[in-house]
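S.K.: Coordinates for the following, if possible.
(4 chains)
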There are 4 protein chains.
Amino acid sequence: MVCTIQIKEKPVLKDPVLIEGLPGIGFVANIATLHLIRELHAELFAEIHSASFQDLAVTARNGEARFPACELYYHRGSKGQERDLIILYGNTQALTTFGQYELCGKVLDIAQNMGCNYVITLGGLLREEKLSEPKLYCAASDQETLKEALNLGAEIIEGQVFGIAGLLVGLCKLWDMEGFCLLAETPGFYPDLAAARQVLNAISKMLQLTVDMDRLDSTAKTTTDILESFGLVFQPPDDKRRNERHSWHV
Amino acid sequence: MVCTIQIKEKPVLKDPVLIEGLPGIGFVANIATLHLIRELHAELFAEIHSASFQDLAVTARNGEARFPACELYYHRGSKGQERDLIILYGNTQALTTFGQYELCGKVLDIAQNMGCNYVITLGGLLREEKLSEPKLYCAASDQETLKEALNLGAEIIEGQVFGIAGLLVGLCKLWDMEGFCLLAETPGFYPDLAAARQVLNAISKMLQLTVDMDRLDSTAKTTTDILESFGLVFQPPDDKRRNERHSWHV
Amino acid sequence: MVCTIQIKEKPVLKDPVLIEGLPGIGFVANIATLHLIRELHAELFAEIHSASFQDLAVTARNGEARFPACELYYHRGSKGQERDLIILYGNTQALTTFGQYELCGKVLDIAQNMGCNYVITLGGLLREEKLSEPKLYCAASDQETLKEALNLGAEIIEGQVFGIAGLLVGLCKLWDMEGFCLLAETPGFYPDLAAARQVLNAISKMLQLTVDMDRLDSTAKTTTDILESFGLVFQPPDDKRRNERHSWHV
Amino acid sequence: MVCTIQIKEKPVLKDPVLIEGLPGIGFVANIATLHLIRELHAELFAEIHSASFQDLAVTARNGEARFPACELYYHRGSKGQERDLIILYGNTQALTTFGQYELCGKVLDIAQNMGCNYVITLGGLLREEKLSEPKLYCAASDQETLKEALNLGAEIIEGQVFGIAGLLVGLCKLWDMEGFCLLAETPGFYPDLAAARQVLNAISKMLQLTVDMDRLDSTAKTTTDILESFGLVFQPPDDKRRNERHSWHV
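M.R.: Numbers count the residues shown, from 1 in each chain, chains lettered A, B, ... in the order given. Below is the predicted model of the structure:
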């Protein structure tokens, strides 16, 4: 097996937007997309496994073994203006550059096949201090799409966007798709609730999604627990919550 | 050559259980499966070589060159209750994540093709001190299978299971198989007889296998010799047995 | 995706020369080929993306995301003596040895398919000090081709030519092509205008190209900006121009 | 390109022996096989290039670019008893484990296709001091073949044989071939004339080859020059011969 996709359902969607939310800086995208999945009751329709993910299993409290995977969810916009969504969620990016390109290629193939022409990647932009009101930054595949991101109150990033958040927007042009990445400032090494809130607010407004933010704190905790179980994030040493583990069912 | 399988025989088995025993923490699985192969007179039916194994040969006392390989053995349960087995044994895991996924995929393909629906992986769980009566820990593909592991007296692992012991249980769900991993506490860096005994007792009971434990000490010595020859384990400096080498024929 | 080529146009050329100009020591080749593309108004006809390039996107001042890519341009010699050209330009070499071989193979396939039999690779030869009049060095696929390089005033390199500049000349023999590499002395860690001028003068003379050198300074600045954006070159700490960023449109 | 073979000639041989001589410890095999090629006037019949070799070119004194490659030569035994030979010679092994397996597989395929059933790999066995009369060590694919190696005055190696010398003997069993490796003691980091002489004497006797040893010193110098040019061996700092470079044509 190299990079395999298991399709569980083939939903018919109308001009869906692909939103990427794999673990990365500040785990901003990971919190934000898990929250979308929970609040919009998005449906799992595909699982992605890759030989470029870690070779381990982790166990949940209930003893079930899980292992590194990405998942694709869909949401059918229920109201007139709400956009249909494809959400890329998971507990890992690929470990190698090669695996990252392969993963992006597979995801773009599936999305395009479902009529998707628009990609939004989320993430964090590393800052030295924690900020109560993180600012948003963006980069886009083209000038037209950039305007849409700027309309969300984001400024232009000058520099590099590492990992899948950058690669997917860079690559989408090869698939004749458009897209932008939206990054919130974050100190970066710990799942960052404030940064996730910023990107969620922005894309909810743009895509006319009705997302309750009250439970975002709970989503951030779940994200932390999942990522800790995969060794991707560590509790700060003074954190007393270490012993309180939360279930991490999506 | 990438990952190649040489099938020597195609035994017809009845609902066999796959038991994984490649070298890992405490070499628990490696000792335990070698002991099963010896005591049950399991038959070699396939050899696996992979470009992801080490590129060296080692020589035995008798001058014959051997090189990194995994092997598949079968055992036909001779009594009414005894389960048929497929045993994955070898002197190496793959060196790369990619190679590990590939190896697991090939093994699961073969096992499924022989009617196997159930995977048990063995291993060690790292502890700082040596324990005379190591406890058992488990994780499983699903709740039903977990119960079977808990019935063996194991507790639920919370955390990560690295390498093939974790990966094979994580992956078996993609093949629509069930399975659990069973780990014994071990200080880990030396072949651990006590830990191997614990896992062997547990799976022998579950699978109704009649396995004489008297020669387990000799199996652990053989395992140490093989693994030393591949540079995977070192005698502690004060160990006077360094000069007594034992034959390592399986 | 592994190493993919997008052909935008299939120009008919007459016995074209392939000139390689990817980023390398002193970024000599990168400056020189960008200058050829600009001054000769060479046309982009193919883009190359590879899973062996970096997995990031970079943003220009205008907010557009770009990502690691190589490009092929052509120039149809407008005067009697001027040679037709295929120019390999880009913002990256491959990150792995494997990727380098793959990239070279693809480029040689395309070039050969367009009737090309002659390869010139450009580059820098590392020296400890900056030299106002850098000397040229060469190595060639065969004695006949070597003479042509020596006629440009180059001396024979004794030693190793790393990366694509060496590999492409070494490999071209497998495609039954001829070629040489032409390296200018350079202190190497910063885009080197003087070294680029030397190689450009030499190949312009040989290939009868009319190239205005007045704007070479501007080309070197553009090259620096592009490479900085990909994290491949850093401004020296005392460089006050850090804040003046230039557009890096080719 | 991955691992490609260019066959220049398909010689018909009678039960040839494959002798491996790629650069390794003490460059024993590399000197010995170059000497066989020169003294027996063996003919080049195939070239092997691989994306797992280094990505560079090196230049000879005469300005010609060469790059990492392996070559296959044949020798048709001219006298009654002299064995036909296939000689694997080159300036590199593969850089990765994966590449080593791939290279060995290709070489064994070709050799088997030419009627070869017997593999001899040469090499050095690392010792702390230089020895005027290095002893020989061996390991073999089976007991019958081991006897032939022991008859050459070699002792059994106990331990690991790294790289192609070990891998090729380990793998040849998968091709239903027999073989042994023959290693001479060497301090290892510099091309070792004395060790090369030992292995050459031994295999010349066994295979009834008439090989003049007078020019072995010159062969060792050529080997040193080639390997230096590829950065694989360095002159000791007090070595005054650094400036006298020798041509390294085979």
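
S.K.: before we move on, what SS does residue A:137 have?
M.R.: Per DSSP: H, G, I helix; E, B strand; the rest coil, the local secondary structure of residue A:137 is strand.

S.K.: should've said residue A:104
M.R.: Using three-state DSSP, the secondary structure recorded for residue A:104 is helix.

S.K.: residues contacting it?
M.R.: Residue A:104 makes contact with A:164, A:167-168, A:171 under the criterion Cβ atoms under 8 Å, 6 or more residues apart in numbering or on different chains. Using the backbone N, CA and C atoms, a C-beta is placed for each residue, glycine as well.

S.K.: 10 Å instead?
M.R.: Contact analysis of residue A:104 by Cβ atoms under 10 Å, 6 or more residues apart in numbering or on different chains lists A:20, A:88, A:93-94, A:119, A:164, A:167-172, A:174-175, C:1, C:51, C:55.

S.K.: again with residue A:15
M.R.: Under the contact definition (Cβ under 10 Å, 6+ apart), the residues listed for residue A:15 are A:77, A:83-84, A:114-118.

S.K.: Count the residues that sit near residue A:66.
M.R.: 20 (other Cβ atoms under 10 Å in any protein chain shown).

S.K.: can you pick the most crowded of the contacts of residue A:15?
M.R.: In terms of neighbours by other Cβ under 10 Å, those top out with residue A:116 at 23 neighbours.

S.K.: ok so that one is a strand residue?
M.R.: No: applying three-state DSSP, one finds residue A:116 to be coil, outside a strand.

S.K.: okay, it: pLDDT?
M.R.: Per-residue confidence for residue A:116 comes out at a pLDDT of 98.

S.K.: got the residue ranges for the helices in chain A?
M.R.: Using DSSP state H, the helices of chain A run over A:28-39, A:97-113, A:143-150, A:163-172, A:193-207, A:216-229.

S.K.: Could you dump these into CSV and include distance to residue C:101?
M.R.: Formatted as CSV, the helices of chain A follow (distance: least, Cβ to Cβ, whole Å):
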stretch, distance to residue C:101
helix A:28-39, 35
helix A:97-113, 14
helix A:143-150, 36
helix A:163-172, 23
helix A:193-207, 40
helix A:216-229, 37
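
S.K.: Out of those, which gets nearest to residue D:185?
M.R.: Residue D:185 sits nearest to helix A:97-113 of all the helices of chain A, at 41.5 Å, using Cβ to Cβ.

S.K.: picking up where we left off before, which two among the contacts of residue A:15 are spaced furthest apart?
M.R.: The span of those, defined through Cβ to Cβ, is set by A:77 and A:117 at 15.5 Å.

S.K.: Residue A:10: how many residues sit nearby?
M.R.: 12.

S.K.: Surely it is in contact with residue A:72?
M.R.: No: distance between residue A:10 and residue A:72: 11.2 Å, which falls outside the contact criterion (Cβ atoms under 10 Å).

S.K.: what is in contact with the two at once?
M.R.: Common neighbours of residue A:10 and residue A:72, using Cβ under 10 Å, 6+ apart, are A:45-46, A:110, A:114.

S.K.: And those, which is closest to residue C:222?
M.R.: Relative to residue C:222, the closest of those is residue A:110; by Cβ to Cβ it sits at 37.7 Å.

S.K.: For the closest one, give me its contacts.
M.R.: Applying Cβ under 10 Å, 6+ apart, we find residue A:110 in contact with A:5, A:7, A:10, A:18, A:45-46, A:48, A:72, A:86, A:88, A:116.

S.K.: Filter those residues down to the buried ones, ChimeraX style.
M.R.: Of the contacts of residue A:110, the buried ones can be selected in ChimeraX as follows, counting by 16 or more other Cβ atoms under 10 Å in any protein chain shown:
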select /A:18,45,46,48,72,86,88,116
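
S.K.: among the contacts of residue A:110, which are in strands?
M.R.: Counted as lying in strands by DSSP state E, out of the contacts of residue A:110, are A:5, A:7, A:18, A:45-46, A:48, A:72, A:86, A:88.

S.K.: tell me the two of these that are most distant?
M.R.: Greatest spatial distance in those: A:7 and A:18, 15.7 Å, computed using Cβ to Cβ.

S.K.: Report whether stretch A:68-80 contacts chain B.
M.R.: Yes: on the criterion Cβ under 10 Å from any Cβ of the partner chain, stretch A:68-80 is in touch with chain B at A:68-69.

S.K.: what bits of chain A have low per-residue confidence?
M.R.: Counting by pLDDT under 70, the ranges of chain A that qualify are A:1, A:79, A:130, A:233-250.

S.K.: Mind doing that once more with 80?
M.R.: Confidence mapping of chain A against pLDDT under 80 gives the ranges A:1, A:60-61, A:78-80, A:129-132, A:188-189, A:231-250.

S.K.: Spell out which parts of it neighbour chain B.
M.R.: A:1-4, A:6, A:47, A:49-69, A:94-96, A:98-99, A:228-231, A:245.

S.K.: Any idea how far apart the tips of stretch A:72-91 sit?
M.R.: With Cα to Cα, to the nearest Å as the measure, the first residue of stretch A:72-91 is 12 Å from its last.

S.K.: ok, now stretch A:167-178?
M.R.: Counting by Cα to Cα, the length from the leading to the trailing residue of stretch A:167-178 is 13 Å.

S.K.: Same check on stretch A:60-72?
M.R.: The straight-line separation of the ends of stretch A:60-72 (Cα to Cα) is 21 Å.

S.K.: Equivalent analysis for stretch A:147-166, please.
M.R.: As for stretch A:147-166, its first-to-last residue distance stands at 18 Å under the measure Cα to Cα.

S.K.: now stretch A:126-145
M.R.: Its start and end residues considered, stretch A:126-145 measures 24 Å (Cα to Cα).

S.K.: close to chain C, is it?
M.R.: Yes: applying Cβ under 10 Å from any Cβ, one finds stretch A:126-145 in contact with chain C at A:137-143, A:145.

S.K.: Could you export those residues as a markdown table, including distance to chain D and neighbour count?
M.R.: Written out in a markdown table, the entries for the residues of stretch A:126-145 next to chain C read as follows (distance: Cβ to the nearest Cβ, whole Å; neighbours: other Cβ atoms under 10 Å in any protein chain shown):
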| residue | distance to chain D | neighbour count |
| --- | --- | --- |
| A:137 | 36 | 23 |
| A:138 | 37 | 28 |
| A:139 | 32 | 33 |
| A:140 | 35 | 28 |
| A:141 | 32 | 23 |
| A:142 | 35 | 14 |
| A:143 | 38 | 10 |
| A:145 | 37 | 24 |
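
S.K.: closest to chain C among these?
M.R.: The closest of those to chain C turns out to be residue A:139 (Cβ to the nearest Cβ; 3.9 Å).
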